[in-house]
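Visitor: Next come a sequence and a model predicted from it.
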Amino acid sequence: MTFYLINIFLLILLGIFFLLGKPSEQSKKVFCIIASLQWILLSGLRHISVGTDNYSYKLSFETTANNSWTNLGYNFIDVMFYGADGKDPGYSLFEKTVQIFTTDYQIYLVMIAAVFTIPLGTWIYKNSSEPFISFLIYSCLFYSFFAITGHRQTIATALAILIGYKFIKDRHFWPFLILVLLAMTIHKSAIVFLPFYFIANKKITRKYIVIISGIILISFIFRNKIMVLLGTLMGYENYIEQYEGAGAWTFTMLLLLMTIVVIWKHKIMLSNNLQVTHYINALFLASVFLPLTFVDPSAMRVVQYYSIFIILLVPEIIKAFNKRERTIVYYVGTTLLISFFAKNNPQYLFFWQGS
């Protein structure tokens, strides 16, 4: 855990140095670049024992190295267009592309980290009103999946969300669709983000909030049947991995508390920034899928396509309080995040450590 805490401590120092007071666009950019670099190094230089599926991904990387472009191409066509056995054939093509430059798995981990974290840093820089809080939330709640495990969904998330969100904002459907379809070849679950294009701008009204609350309740009551359907559609029927982050109950309480505050403060938040409509709708959709995690923890993979917008939403929640309250919320929230992170006691080794 020591290396993670050092990373967070450095993040705090960077925040004080670059973002204290009224930061310029240049200082925000430098902060996001350095914070991204920290996570690229921490993620890419980890030992193979860090991450529940890191070893299996290493075996996949080695298998792909011994396969030909022709075989991988035929497999891609057979799986995607003719329903042959297999899943996510685009990931093997991604591996093979990287192997044009290197067959060293450790370098590959650094490249995976860069493929996700560079778009993440750009996403935070362009959309977050408080980059420090956004990176802190990522470091405490989302790092365990996107930085440590789940290569395929990590890449799919970078494509569909971190890059694709620009096309949602600009209302360019076809580029967004192409990105989602491309992401689906790497991880089938990316299709779950496609509806967000049509829902992102849904106006937040009292009637809408009541309807969403009813849908969440229905999702909880019929969670078993919905999970069976979702498992077949998204390719989760074979997953047995456990969620590496907060756990269903803790994460549920977090989203519930956040939803209550958002309903309370949404008018102020929207008056400050109309783009908050997107973040609130993402929170609602995450809450709709969340009951499924009580059936199968792997459903958290679906929730993450929407819950990642918490990174942008929380700074807007903080801004919705008056100046005196804002300071309290800011420091209490920071303390709770770090305490929660420390309680999980995550383990870390660099690749040159251990056996």
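Guide: Cool, got the structure. As the structure is a prediction and not an experimental result, all values here were calculated from the model.
Visitor: quick check: mean pLDDT across the host helix or strand of residue 217?
Guide: Using DSSP states H and E, residue 217 sits within helix 206-221. For helix 206-221, the mean per-residue pLDDT is 92.
Visitor: Check stretch 145-152 too.
Guide: 86.
Visitor: Next up, phi/psi of the residue nearest the centre of the chain, please.
Guide: Taking Cα atoms, centre = their mean as the criterion, residue 308 is the residue nearest the geometric centre of the chain, at 4.5 Å. Backbone torsions for residue 308, taken as degrees, to the nearest 10, come to phi -60, psi -20.
Visitor: Isn't it up against residue 142?
Guide: Yes. Residue 308 lies in contact with residue 142 (Cβ atoms under 8 Å); the separation is 6.3 Å. All C-beta spots, glycine's among them, are computed from the backbone N, C-alpha and C.
Visitor: Can you give me the neighbour number for residue 293?
Guide: Using other Cβ atoms under 10 Å, residue 293 has 22 other residues around it.
Visitor: Phi, psi for it please.
Guide: Dihedral angles for residue 293 - degrees, to the nearest 10 - are phi -70, psi -20.
Visitor: tell me the pLDDT at it?
Guide: For residue 293, the predicted pLDDT is 85.
Visitor: how close does it sit to residue 253?
Guide: Distance, residue 293 to residue 253, by Cβ to Cβ, to the nearest Å: 13 Å.
Visitor: Next up, identify which helix or strand the spatially most distant residue from the centre of the chain is on.
Guide: Most distant residue from the mean C-alpha position of the chain: residue 70, 32.8 Å away (Cα atoms, centre = their mean). Residue 70 is part of helix 69-82 when elements are defined by DSSP H and E.
Visitor: Other residues contacting that helix?
Guide: Residues outside helix 69-82 that contact it (Cβ atoms under 8 Å, 6 or more residues apart in numbering) are 64, 84-87, 89-90, 92-93, 96, 185.
Visitor: in stretch 23-35, what counts as buried?
Guide: 23, 27-32, 34-35 (16 or more other Cβ atoms under 10 Å).
Visitor: By pLDDT, give me the weakest of those.
Guide: residue 23 (84).
Visitor: Once you drop chain neighbours, what's closest to it?
Guide: Closest residue to residue 23 apart from its sequence neighbours, by Cβ to Cβ, 6 or more residues apart in numbering: residue 31 at 7.6 Å.
Visitor: Contacts only, for the one you found.
Guide: 14-15, 18-19, 23, 131-132.
Visitor: Can you name the two of the residues you listed that sit furthest apart?
Guide: Spatial extent of the contacts of residue 31 (Cβ to Cβ) is set by the pair 14 and 23 at 11.2 Å.
Visitor: Quick one: distance of stretch 52-72 to the chain centre.
Guide: 24 Å (Cα atoms, centre = their mean, to the nearest Å).
Visitor: Show me which positions of that stretch end up buried.
Guide: If you call a residue buried by 16+ other Cβ under 10 Å, then stretch 52-72 has these buried ones: 54, 57, 60-61, 64, 72.
Visitor: tell me the contacts of the closest residue to residue 62 other than its chain neighbours?
Guide: Leaving aside its chain neighbours, residue 62 sits nearest to residue 105 (7.5 Å; criterion: Cβ to Cβ, 6+ apart). Neighbour list for residue 105: 48, 58, 61-62 [criterion: Cβ under 8 Å, 6+ apart].
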